[in-house]
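In: Provided below for reference: sequence and predicted model.
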Amino acid sequence: MSNTHGMKWIRHTTRLAIYLRDGLACVWCGEGVESARSLTLDHITPRCRGGTNDPTNLVTACRDCNDRKGDKLMSEFFRHMWDAHGLDLTASYRKVMASRRRVLPREQARELLAARGTIARAVAREASKLCNAVVIGRAVTGAIGSEASK
Ligand SMILES: [Zn+2]
């Protein structure tokens, strides 16, 4: 899988667009990622098993999940995660299927790269916006929760 190491095998805009499409989070474990370094692109069907570099075969994954998936097919990976870690990845399956059908936000990726220069800086900016949204979301839910418990 040497062709997936490093960053050069896919255009920067496509890589960033896939990260954005998947909400800057690992599709397998749902872990949100705050830096471009911990984000990777994972082949759903590995290259060595006939998978392509088409965006419909690529998803955002954290480094740990990418390493664990390795050259496994998605079904083999799910079985492995169940057997080895007791994890049911049914929800991940739905997320992956929905993600790969989504249109890539290429224009947004192009604009971010034009403004920020690098994927790392573009991701950092988007991730901080995302974190703010989560914090605000929690505050709102908290306020509603305390309101409801009165
Ligand atoms: Zn993960």
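Out: Happy to help now that I have it.
In: close to the ion: what parts of this protein are there?
Out: Neighbours of the ion within the chain, by CB under 5 Å from the ion: 26, 28-29, 31, 62, 65. Placement of C-beta: from N, CA and C, glycine included.
In: recalculate using a threshold of 6 Å.
Out: By CB under 6 Å from the ion, the residues of the chain that approach the ion are 26, 28-29, 31, 61-62, 64-65.
In: tell me the one of those residues nearest residue 86?
Out: residue 29 (13.5 Å; CB to CB).
In: pretty sure residue 61 is in a helix, no?
Out: No - when classified by DSSP: H, G, I helix; E, B strand; the rest coil, residue 61 is found to be strand rather than part of a helix.
In: how many neighbours does it have?
Out: As a burial measure, residue 61 scores 27 neighbours (other CB atoms under 10 Å).
In: distance of it from residue 121?
Out: Note on residue 61: its distance to residue 121, by CB to CB, to the nearest Å, is 21 Å.
In: before we move on, the earlier item: among the residues of the chain next to the ion, which are located in helices?
Out: 64-65 (DSSP state H).
In: how about the residues of the chain next to the ion in CSV, adding pLDDT?
Out: Shown next, in CSV, are these (pLDDT from 0 to 100):
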residue, pLDDT
26, 93
28, 92
29, 89
31, 86
61, 95
62, 93
64, 91
65, 93
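In: now restrict the residues of the chain next to the ion to buried residues only.
Out: 26, 28, 61-62, 65 (16 or more other CB atoms under 10 Å).
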